[in-house]
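*Asks:* kindly return the folded structure for what I paste below:
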Amino acid sequence: MTTEKNKIDFIVYWVDGNDEEWRKKKSNYVSNTNEDANINRYRDWENLVYIFRGIEKYASWVHKVYFISDGQIPMWMNIKHPKLKIVDHKDYIPQQYLPTFNANPIELNFHRIKDLSEQFVVFNDDFFILKAMQPTDFFVKGKPKDIIVEYPIMCSGENMIFSNMLCNDFNLLGKYYKRKQYKKDLIFKILNPTYGKYFFYNLLQYFIPYPKFFGILTPHFARPYLKSSFEELWKLEGEKLDNVCRNRFRNMSDVNIYIFRIWNLLKGNFVPGNIFHMGIPIPLKEDNEKIYQLIEEQKYKLICLNDVCKDSDFELVKGRIINSFQKILPDKSSFEI
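*Replies:* Residues are numbered from 1 along each chain as shown. Next comes the predicted model:
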């Protein structure tokens, strides 16, 4: 039975990169070479419908689904669905941050969404559910189910902006938590046998005397959050978060939504469990036979399809991905007209 204490909401946020009006608006603000305005970050793979089919088939216990966009609603969406809440950016993001083409202001302000539950799970528009999930995959007794694994952040390569934001997250939180004290306070959550192979990895890392944090392994698929964590950090670091939200595009100086996850981990406000067996992030390139197979065989509960596909291969790969989803989720959901 769902109660106020145990209800779990989903947030799905999306942008229609094919929308000409949206493109025109975006072009008015592209100016700074330090900003990430790559149009491929916004192109539409036309597979959003399978997120909702997966939710209905494999996570029907969800309380509400908050669909967030910049006033864009897919033609197929049943906006009268009792579990669906349509949220425009202007409905919850303060006016001074709008318009935004940066995922960080969209995410950092989730706690402002009207009636959002304390417990919620965030889905980017490339996160999918492939088989049955339970509430305890995300939360146990009101706390996120998570894993803490120290792992160095490499601020280089094609994910340099994202990696740099993770570094910014740790630099900001370093004033509140020191590695030596955190290891002492959370020894049983760091060296936890439920982590499987990561228990042994942590055991090796535990005795490294380095005084500062050098990173925590970050899962890139649907993850749980607490609204109170957002409220707490905004009270403590409102000036920094305000500055980030004023960046209309992703910027090397940004922090991101993972700062709230890291905050919870360092506080010990989570239930230990190896979440990495549940999901996998995979880059979409030109040779994707393994990805099509993973979807069709439903090996994982969660999957993230990272768009690094060449323009010349885009239409072909998009069609194959849709075909793979159609094999496991062929039936319309009640979220569709």
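*Asks:* show me where the stretch 151-300 of the chain has strands.
*Replies:* Listed in chain order, the strands of the stretch 151-300 of the chain (DSSP state E, counting those that start in this stretch) span 223-226, 250-251, 271-272, 279-284.
*Asks:* show me what contacts the most far-flung residue of the chain relative to its centre?
*Replies:* Taking C-alpha atoms, centre = their mean as the measure, the residue most remote from the mean C-alpha position of the chain is residue 209, 31.7 Å away. Taking C-beta atoms under 8 Å, 6 or more residues apart in numbering, we find residue 209 in contact with no residue. (C-beta placed from N, C-alpha, C; glycine too.)
*Asks:* which element follows the helix or strand where residue 305 lies toward the C-terminus?
*Replies:* In this assignment (DSSP states H and E), residue 305 forms part of strand 302-307. Where DSSP H and E defines the elements, the next helix or strand beyond strand 302-307 is helix 314-328.
*Asks:* average model confidence for that following helix?
*Replies:* Averaging pLDDT along helix 314-328 yields 92.
*Asks:* and it, what's buried?
*Replies:* Across helix 314-328, burial judged by 16 or more other C-beta atoms under 10 Å covers 314, 317, 318, 320, 321, 324, 325, 326, 328.
*Asks:* in PDB, list the C-alpha atoms belonging to it.
*Replies:* The C-alpha coordinates for helix 314-328 follow below in PDB (Å, rounded to 0.1, in the frame of the first residue of the first chain):
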ATOM      1  CA  PHE A 314      22.300   8.400 -37.100                       C
ATOM      2  CA  GLU A 315      19.200   7.400 -39.000                       C
ATOM      3  CA  LEU A 316      20.300   3.800 -39.500                       C
ATOM      4  CA  VAL A 317      21.200   3.400 -35.800                       C
ATOM      5  CA  LYS A 318      18.000   5.200 -34.700                       C
ATOM      6  CA  GLY A 319      15.900   2.800 -36.700                       C
ATOM      7  CA  ARG A 320      17.700  -0.300 -35.300                       C
ATOM      8  CA  ILE A 321      17.300   0.900 -31.700                       C
ATOM      9  CA  ILE A 322      13.500   1.500 -32.200                       C
ATOM     10  CA  ASN A 323      13.200  -1.900 -33.700                       C
ATOM     11  CA  SER A 324      14.900  -3.500 -30.700                       C
ATOM     12  CA  PHE A 325      12.700  -1.700 -28.300                       C
ATOM     13  CA  GLN A 326       9.600  -2.600 -30.300                       C
ATOM     14  CA  LYS A 327      10.500  -6.300 -29.900                       C
ATOM     15  CA  ILE A 328      10.300  -6.100 -26.100                       C
END
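*Asks:* residue 80 and residue 202: what is the separation?
*Replies:* As judged by C-beta to C-beta, to the nearest Å, residue 80 and residue 202 stand 48 Å apart.
*Asks:* neighbour-wise, which of those two wins?
*Replies:* Neighbour count, other C-beta atoms under 10 Å: between residue 80 and residue 202, residue 202 has more, with 21 against 7.
*Asks:* so the more buried one sits against residue 196, correct?
*Replies:* No - contact criterion C-beta atoms under 8 Å: residue 202 and residue 196 do not qualify, at 10.8 Å.
*Asks:* okay, the buried residues of helix 314-328 in CSV with distance to residue 111 next?
*Replies:* Below are the buried residues of helix 314-328 laid out as CSV (distance: C-beta to C-beta, whole Å):
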residue, distance to residue 111
314, 35
317, 36
318, 34
320, 38
321, 33
324, 35
325, 31
326, 36
328, 34
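*Asks:* closest to residue 92 among these?
*Replies:* residue 325 (29.6 Å; C-beta to C-beta).
*Asks:* ok now do that closest one, which residues does it touch?
*Replies:* Counted by C-beta under 8 Å, 6+ apart, residue 325 has contacts 47, 50, 53, 128, 295.
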